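Engineer: Build me a model:
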Amino acid sequence: QVSVGQNTICTIADLQAYCWGEGRSGQIGNGAGESVSTPTPVSTLGLLSGKTVSDISVGGNHACAVADGKAYCWGANSNGELGNGTTTSSNSPVEVTSTGVLAGKTISSISAGSNHTCVVANFAAYCWGYNGNGQLGNGTTTSSNSPVEFSSTSVLAGKTISAISAGSNHTCAIASSAAYC
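Structural biologist: Residues are numbered from 1 along each chain as shown. Model (predicted):
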């Protein structure tokens, strides 16, 4: 699997994450905060140590991965796009808050947008980060630095979400074999 962001590329090889390209915001994830021209392992000394990476996505200036059913992000975080309850950027992976709406859920896929991130967990959608255009799908335009659930009163209520894609200022999902944005 490969994901291409604004100026960064990440891939999964041998069940581990590798990134290269622009890295000044920490989106390479190797702890250095600098650009690299060849695939570089995302730091496995910390939170990703011994974990199997199953999904990866690069956003504007951040990247995220799913490993063993949990989400991890790294890079810029001025809008809360890392989902760890802060707006502090990180040059290495941090765990997305797994309490609150994600408590007890298994994350199956992740998508990093320009300034927000979304996941599918237990066939429901959750997002965090910038929300000025309503891209978090929770019926507001209030940004969040931790995961929020798509509104249960929306057209997605009661539907099974199988895929999600976070764009620049919008989000789309596949739910019960139909597309919603």
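
Engineer: Do you know the pLDDT at the spatially closest residue to A71 that is not a sequence neighbour?
Structural biologist: Ranked by CB to CB, 6 or more residues apart in numbering and with sequence neighbours excluded, the top spatial neighbour of A71 is V96, at 3.8 Å. Where you see a C-beta, it was placed from the backbone N, CA and C, and this is true even at glycine. We have a pLDDT of 98 for V96.

Engineer: try L156
Structural biologist: 83.

Engineer: one step back: report the separation between the residue nearest to A71 and W74.
Structural biologist: 11 Å (CB to CB, to the nearest Å).

Engineer: Compare neighbour counts for those two and give me the winner.
Structural biologist: More crowded of V96 and W74, by other CB atoms under 10 Å: W74, with 31 against 24.

Engineer: In this protein, where is pLDDT below threshold?
Structural biologist: 152-153 (pLDDT under 70).

Engineer: same thing but 90
Structural biologist: The model of the chain has pLDDT under 90 over residues 6, 43-47, 49, 150-158.

Engineer: quick one, helices of it?
Structural biologist: Using DSSP state H, no helices are found in the chain.

Engineer: show me what contacts the closest residue in space to T140 that isn't next to it in sequence?
Structural biologist: Nearest non-adjacent residue to T140, counting by CB to CB, 6+ apart: N131, 6.6 Å away. When contacts are counted by CB atoms under 8 Å, 6 or more residues apart in numbering, N131 touches 116, 138, 140-144.

Engineer: one more time with 10 Å
Structural biologist: 79-80, 115-116, 137-138, 140-144, 148, 169, 171 (CB atoms under 10 Å, 6 or more residues apart in numbering).

Engineer: do the same with G100
Structural biologist: Here G100 is in contact with 85, 126, 146-149 (criterion: CB under 10 Å, 6+ apart).

Engineer: again, only this time at 7 Å
Structural biologist: Taking CB atoms under 7 Å, 6 or more residues apart in numbering, we find G100 in contact with 146-147.

Engineer: ditto for N77
Structural biologist: With CB under 7 Å, 6+ apart, N77 has these contacts: 62, 86-90.

Engineer: Neighbours of the closest residue to W128 other than its chain neighbours, how many?
Structural biologist: Distances taken as CB to CB, 6+ apart place G83 nearest to W128, at 4.2 Å, with adjacent residues excluded. The number of residues packed near G83 is 32, by other CB under 10 Å.

Engineer: G83 contacts V96, doesn't it?
Structural biologist: Yes - using CB atoms under 7 Å, G83 is in contact with V96, at 3.8 Å.

Engineer: Please enumerate the shared neighbours of these two.
Structural biologist: Residues touching both G83 and V96 by CB under 7 Å, 6+ apart: 71, 73, 147.

Engineer: just the buried members of these?
Structural biologist: Neighbour counting by 16 or more other CB atoms under 10 Å classes 71, 73, 147 among the shared contacts of G83 and V96 as buried.
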